[in-house]
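In: Have a look at this fold, sequence not included:
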């Protein structure tokens, strides 16, 4: 195994693979992709709903088909599976646990594309014992599609994001009917027509509701659900917690890279570069959780940025950063991508911001640098949805500006 590369990509999901393909097209072939699981492809590997491929391949595909196709398109680029990065060090040095032991690897540029994870039971503060039968939608999909197992017979689904209805689809394919879907908000978080699918499956959806207790000793036996002050008992054998996606940012929090305290994601500029110029980040670890196709397209763009950087700097590892303007925001905005704007001379004149909100709101989204308005448009915003602010004009930023603000008014 080589320990020195031009580019090392951490994560073999859509963003990481797309970046590698772009780098290869630009003539950069000394690349390695590190994947902690046994197989490459990321989350789409265990998704069999046909919502992939429309943007990338112009036709609908199941997730496993999409993953197989993008991995096959990589050619001879090495994907090192069962390799877990345990530490990010300055100037592109990584500590990696491999099947043969712990090694140090070095890349002139590092792309972090570690994806997302769902919020499990304990961070949601659901009380009760710890019987068998408590899992996430991702675990459910792996049981059903990768292992051919049926982990439950009478489950309750917590959440109403798109992934929640994906879990309902997975249960249908396994011959299982969900007893209920529980959503704490006033409406489902997925598109409203999704509730028709739940109705067709015979699964009631309880909004303004929350699980107050999980009962059972060896196995889940029931849940207590509170709706508008009323308590009901639902007998079930499993509780499937879905959604509540957060970026897989464990590596970032214990590294030298600057990160946002509220989300844990690395601070990146409009070219996806982190505070250490050797490191880049892309995909759902920055903005949980966009579609696989969208992450793939972002990975292609980021791969282009890395290629531009390497070729312009003659593959040097010591990179100078330009002046960065931080992007500030407040409720109801959850995050913005990028987190700052690099004001170097070669920056693009127009950029897009990817933002999310915590609560449903209709208002005017305004992007300002000092007293100068860079973007202003009235939008209807819903939680968990990708909100793209297109063509923000950076040429309007005055030299006296010290920060950029994003507000909803």
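Out: Happy to help now that I have it. Computed from a prediction, not measured in an experiment: that's the story for all the values here.

In: Tell me the buried residues in stretch 183-202?
Out: Under the neighbour-count criterion of 16 or more other Cβ atoms under 10 Å, stretch 183-202 has 183, 184, 188, 189, 190, 194, 195, 198, 201 buried. Where C-beta positions appear, they are placed from N, C-alpha and C, glycine not excepted.

In: What of stretch 3-18?
Out: Per 16+ other Cβ under 10 Å, stretch 3-18 contains these buried residues: 5-18.

In: Which ones among the residues you listed lie within helices?
Out: In this view, those that belong to helices under DSSP state H are 14, 15, 16, 17, 18.

In: And those, which is closest to residue 333?
Out: The closest of these to residue 333 turns out to be residue 15 (Cβ to Cβ; 22.8 Å).

In: that older thread, what's the most distant pair in the buried residues of stretch 183-202?
Out: 184 and 201 (20.9 Å).

In: picking up where we left off before, mind giving me TSV with the ones in helices among the buried residues of stretch 3-18 and columns for distance to residue 248?
Out: Output for these, formatted as TSV (distance: Cβ to Cβ, whole Å):
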residue	distance to residue 248
14	14
15	12
16	12
17	16
18	18
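
In: Would you mind confirming that residue 118 is in contact with residue 247?
Out: No - applying Cβ atoms under 8 Å as the test, residue 118 and residue 247 come out as separate, 11.7 Å apart.

In: Between those two, tell me which one has more neighbours.
Out: Set side by side, residue 118 and residue 247 show more neighbours around residue 247, with 26 against 22, by other Cβ atoms under 10 Å.

In: tell me the contacts of that one?
Out: Neighbouring residues of residue 247 by Cβ atoms under 8 Å, 6 or more residues apart in numbering: 114, 115, 116, 263, 264, 265, 284, 285, 286, 287, 288.

In: how deep is the closest residue to it other than its chain neighbours tucked in, by neighbour count?
Out: Spatial nearest neighbour of residue 247, excluding adjacent residues (Cβ to Cβ, 6 or more residues apart in numbering): residue 285 at 4.1 Å. Residue 285 has 29 neighbouring residues, counting by other Cβ under 10 Å.

In: and if you look at residue 397?
Out: Using other Cβ under 10 Å, residue 397 is surrounded by 18 other residues.

In: And residue 75, by the same measure?
Out: Residue 75: 9 surrounding residues under other Cβ under 10 Å.

In: Return the distance of it relative to residue 35.
Out: For residue 75, the distance to residue 35 equals 16 Å [Cβ to Cβ, to the nearest Å].

In: Ok, residue 287 next?
Out: As judged by Cβ to Cβ, residue 287 and residue 35 stand 21 Å apart.

In: Looking at these two, which one has more neighbours?
Out: More neighbours surround residue 287 than the other of residue 287 and residue 35, with 24 against 21 (other Cβ under 10 Å).

In: Nearest to residue 59, out of the ones in helices among the buried residues of stretch 3-18: which one, please.
Out: Taking Cβ to Cβ as the measure, residue 59 sits nearest to residue 14 out of those, at 16.0 Å.

In: For that closest one, give me its contacts.
Out: 42, 44, 66, 70, 283, 292, 293, 295, 296, 299.

In: tell me the two of those that are most distant?
Out: Greatest spatial distance in the contacts of residue 14: 66 and 283, 14.6 Å, computed using Cβ to Cβ.

In: Show me where the stretch 51-200 of the chain has its strands.
Out: Applying DSSP state E, counting those that start in this stretch to the stretch 51-200 of the chain gives strands spanning 79-81, 84-89, 93-98, 101-112, 116-117, 134-136, 155-158, 180-182.

In: Generate JSON lines for those strands, with distance to residue 404, mean pLDDT and mean neighbour count as supplementary columns.
Out: Output for the strands of the stretch 51-200 of the chain, formatted as JSON lines (distance: least, Cβ to Cβ, whole Å; pLDDT from 0 to 100; neighbours: other Cβ atoms under 10 Å):
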{"stretch": "strand 79-81", "distance to residue 404": "38", "mean pLDDT": "97", "mean neighbour count": "18"}
{"stretch": "strand 84-89", "distance to residue 404": "27", "mean pLDDT": "98", "mean neighbour count": "17"}
{"stretch": "strand 93-98", "distance to residue 404": "32", "mean pLDDT": "98", "mean neighbour count": "17"}
{"stretch": "strand 101-112", "distance to residue 404": "23", "mean pLDDT": "97", "mean neighbour count": "20"}
{"stretch": "strand 116-117", "distance to residue 404": "26", "mean pLDDT": "95", "mean neighbour count": "22"}
{"stretch": "strand 134-136", "distance to residue 404": "36", "mean pLDDT": "96", "mean neighbour count": "22"}
{"stretch": "strand 155-158", "distance to residue 404": "37", "mean pLDDT": "98", "mean neighbour count": "28"}
{"stretch": "strand 180-182", "distance to residue 404": "39", "mean pLDDT": "98", "mean neighbour count": "24"}
